[in-house]
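[1] Okay, structure incoming, though there's no sequence with it:
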Ligand SMILES: NC(=O)CC[C@H](N)C(=O)O
């Protein structure tokens, strides 16, 4: 079985090596015997995005976001077709903000987003920086997540979107509602760098399974031995929760 991954704007939106998320998806799919292709898609590349099983977009500084926002507007119908068709989209921080209705930079400049996610982002004076720990429920099972955030944007959710996780420690979307990230259909947005999937392998597998189920609903990935990652995460999670904030 094949898995097609599209990496959006790797040259402009890769602030904290968010490309690590692409590597994790690729490797964990290959370790299950899948034939994985990864295409880099940036300004000037116009593939049909619904042909991809997974699209990943990383984070970026306000300036790069302005460049990407212009190019994204030209892809609006293309990305919307992919999202509506069940392509899994993982957007991190700056990429996440740009999928919403609008994003306001730290200097108050308002950048129009794609409106694919029912969120909007306003600029905060204080940057939200540090480790984040939280809990995410997938198919009724609770998972601990850990990651790292660094953003000035405060993101607020509309009625059509669910938070991705509950924040135990850290700011999350806005530092006000104790939620982090969003999920809307097959589209996931999050402030968690990390890179996110390296620290939370269960989420990587969930995204791969979701993507494959576009074509075969019965797909169930075999378990990998994640003992090392899980034991490290549990220790780190405990230490971060107990750390003085
Ligand atoms: N880490 C990022 O991608 C930052 C996103 C955006 N420039 C902000 O500061 O909120």
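    Cool, got the structure. What you see is a predicted model; the values in this text were computed from it and never measured.

[2] contacts and neighbour counts: CA atoms only from here.
    Fine.

[3] For residue 25, pull up the helix or strand it's in.
    Assessed by DSSP states H and E, residue 25 sits inside helix 19-30.

[4] what about residue 116, neighbour count?
    By other C-alpha atoms under 10 Å, 18 other residues sit near residue 116.

[5] Tell me the pLDDT of residue 95.
    Looking at residue 95, its pLDDT reads 97.

[6] how close does it sit to the ligand?
    Per C-alpha to the nearest ligand atom, to the nearest Å, residue 95 is found 7 Å from the ligand.

[7] That residue should be in a strand, yeah?
    No - Residue 95 is assigned helix when assessed by DSSP: H, G, I helix; E, B strand; the rest coil, not a strand.

[8] Please name every helix or strand in contact with the helix holding residue 25.
    The contact analysis (3 or more C-alpha pairs under 8 Å, 6 or more residues apart in numbering; DSSP states H and E) places helix 19-30 against strand 2-8, strand 35-41, helix 196-199, helix 201-212.

[9] For the last one, buried residues please.
    By neighbour count on 16 or more other C-alpha atoms under 10 Å, the buried set for helix 201-212 is 201, 202, 203, 204, 205, 207, 208, 209, 210, 211, 212.

[10] For the first one, which residues are in contact?
    It stands for residue 201. 226, 229 (C-alpha atoms under 8 Å, 6 or more residues apart in numbering).

[11] Relative to the ligand, which of the helices and strands packed on helix 19-30 is closest?
    Evaluated with C-alpha to the nearest ligand atom, the helices and strands packed on helix 19-30 place helix 196-199 nearest to the ligand, the distance being 12.5 Å.

[12] Dump the helices and strands packed on helix 19-30 into CSV; add distance to the ligand and mean pLDDT as well.
    As requested, those are arranged in CSV below (distance: least, C-alpha to the nearest ligand atom, whole Å; pLDDT from 0 to 100):
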stretch, distance to the ligand, mean pLDDT
strand 2-8, 14, 97
strand 35-41, 18, 98
helix 196-199, 12, 94
helix 201-212, 20, 97
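
[13] so which of the ones you listed gets nearest residue 129?
    helix 196-199 (15.2 Å; C-alpha to C-alpha).

[14] circling back: which stretch among the helices and strands packed on helix 19-30 approaches residue 91 most closely?
    Using C-alpha to C-alpha, the nearest of those to residue 91 is strand 2-8, at 9.4 Å.
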